[in-house]
Each structure stands twice: as C-alpha cells, then as structure tokens.
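Undergrad: coordinates only, sequence not included:
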Ligand SMILES: O=P(O)(O)OC[C@H]1O[C@H](OP(=O)(O)OP(=O)(O)O)[C@H](O)[C@@H]1O
Ligand SMILES: Nc1ncnc2[nH]cnc12
C-alpha cells in the first residue's frame with residue numbers, strides 16, 4: 001500500500017481531547033489488516049539495524065511491539081507513571097494536550113545498546129524526547145526514531161534532530 005492509501009485510513013476527529021486539537025486517530029488504520037501490516041513493515045524497515053526497539057505507552061506499544069517481533073529484537077516498554085513494579089527512572093514532559101510522566105526499568109537496557117524508538121505519532125516531540133532522555137540515562141544509544149504520523153507544524157521532528165536523533169515518518173498531516 002502507498003503512504004497516501006495508508007493516510008486515507010487515519011481518521012481525524014476535531015476537538016479531541018480538547019477544543020482546537022485535530023486528533024489523528026489510528027483506530028481505523030489498526031482495523032484494516034493490510035494497512036496495519038504495511039505500517040508495521042514500513043516502520044521495521046525504518047529502524048532495521050537497531051539492537052532493540054522501545055515504544056511508549058500506550059499507542060507506541062501497538063506498533064513498537066509488532067516491529068520488535070518482526071525484527072526478532074527485544075522490546076523495551078516505556079510506561080506512564082506508576083505502572084512498573086520495579087525500581088524505575090522517570091522523566092516529566094509536556095505533549096500537545098497536557099503534561100505526563102514516563103518511566104522505565106533501567107536494567108532493561110544493556111550499556112551502549114543501540115535502541116530505536118517507535119511510536120504512532122510525533123507532535124511536539126515531548127514524548128519522544130522524554131523517551132530519548134530516559135533511554136540515554138539508562139545507558140542506551142538512541143540514534144533513530146520512526147513514527148507512522150508526523151504533525152510537522154508542531155516541531156517534534158526538528159527537536160529530535162537537535163538531539164542527534166534521525167527521524168523517519170511514514171505520513172504527515174499539515175493543514176489537512
Ligand atoms: O509529540 P507529542 O506532543 O509528545 O505527542 C505524541 C504522543 O501523544 C500520543 O500519546 P498520548 O500521551 O496521548 O498517550 P496514549 O498513547 O496513551 O494515547 C502519541 O501516541 C504520542 O506518544
Ligand atoms: N493531534 C494528535 N492526534 C493524535 N494523537 C496525538 N498526540 C499528540 N497530538 C496528537
């Protein structure tokens with residue numbers, strides 16, 4: 001499937017979760033078998049060579065875990081606050097519509113391990129920057145991140161690039 005065909009499978013819901021936000025909803029893409037498979041395939045190619053794949057709760061788990069299994073690499077779950085039972089490291093961050101905190105088990109990462117980040121969507125980059133910071137604190141090398149959707153007007157891609165993360169995105173929504 002082409003990126004345009006995949007883009008047509010993403011549903012836009014205005015004013016969710018707050019007035020003024022155009023919510024790009026992947027539920028409809030996930031509900032299309034060939035579309036979901038093609039998205040996972042594209043992400044897997046984008047991060048090929050990484051030693052492990054990290055994904056952020058919750059939507060990053062859907063794509064990140066599928067990509068990791070496809071590449072036969074470990075999956076590192078980066079969780080929202082208070083979910084992990086072990087000792088954690090955490091980072092507070094801001095995203096397009098609020099504040100949140102991400103946590104991870106630092107022992108999940110081997111020192112110097114090449115870890116790629118996978119998520120459904122890149123907006124302000126707050127989430128992906130927090131994940132990069134956490135993974136680097138744990139000793140990982142983070143050089144690449146791949147997303148299904150980019151919202152370039154929100155600047156996330158440029159922020160990740162300034163942290164030496166090479167960003168790959170399958171499709172973009174800009175004023176549409
Ligand atoms: O670039 P940013 O401005 O940080 O926004 C992108 C993040 O926002 C969404 O997650 P959300 O926190 O809504 O959580 P969810 O996956 O649990 O729906 C999305 O899945 C990304 O992780
Ligand atoms: N506009 C948006 N649509 C869907 N998920 C998002 N996460 C951050 N901004 C978003």
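TA: In hand now; what should we look at? Keep in mind the model is a prediction, meaning the values are calculated, not measured. Ligands and ions are numbered 1, 2, ... in the order given.

Undergrad: Could you report the separation of the residue sitting nearest the centre point of the chain from residue 20?
TA: Geometric centre of the chain, nearest residue: residue 119, 1.8 Å, by Cα atoms, centre = their mean. Note on residue 119: its distance to residue 20, by Cβ to Cβ, to the nearest Å, is 22 Å. Yep, even glycine has a C-beta here, placed from its N, CA and C like the rest.

Undergrad: Residue 143 too?
TA: Taking Cβ to Cβ, one finds residue 143 at 34 Å from residue 20.

Undergrad: the more surrounded of those two?
TA: In this view residue 143 and residue 20 are compared by other Cβ atoms under 10 Å, and residue 143 has more residues nearby, 16 against 7.

Undergrad: The helix or strand hosting the more buried one vs ligand 1: in contact?
TA: Here residue 143, judged by DSSP states H and E, is contained in strand 141-150. No: interface with ligand 1: strand 141-150 contributes nothing (Cβ under 6 Å from any ligand atom), its closest point being 8.3 Å away.

Undergrad: who touches the following helix or strand past that strand?
TA: Proceeding N to C from strand 141-150, the next assigned helix or strand is helix 156-162, under DSSP H and E. With contact meaning Cβ atoms under 8 Å, 6 or more residues apart in numbering, helix 156-162 is reached by 122, 123, 124, 125, 126, 128, 129, 132, 145, 150, 167, 169.

Undergrad: Please tell me I have it right and residue 131 contacts residue 116.
TA: No: judged on Cβ atoms under 8 Å, residue 131 makes no contact with residue 116 at a distance of 10.8 Å.

Undergrad: what sits in contact with each of those two?
TA: By Cβ under 8 Å, 6+ apart, residue 131 and residue 116 have these common neighbours: residue 54.

Undergrad: picking up where we left off before, what strands line up against the strand holding residue 143, and which way round?
TA: strand 114-122 (parallel), strand 166-172 (parallel) (DSSP bridges).

Undergrad: and residue 2, which of those is closest to it?
TA: With Cβ to Cβ as the criterion, residue 2 lies closest to strand 166-172 of those, at 9.9 Å.
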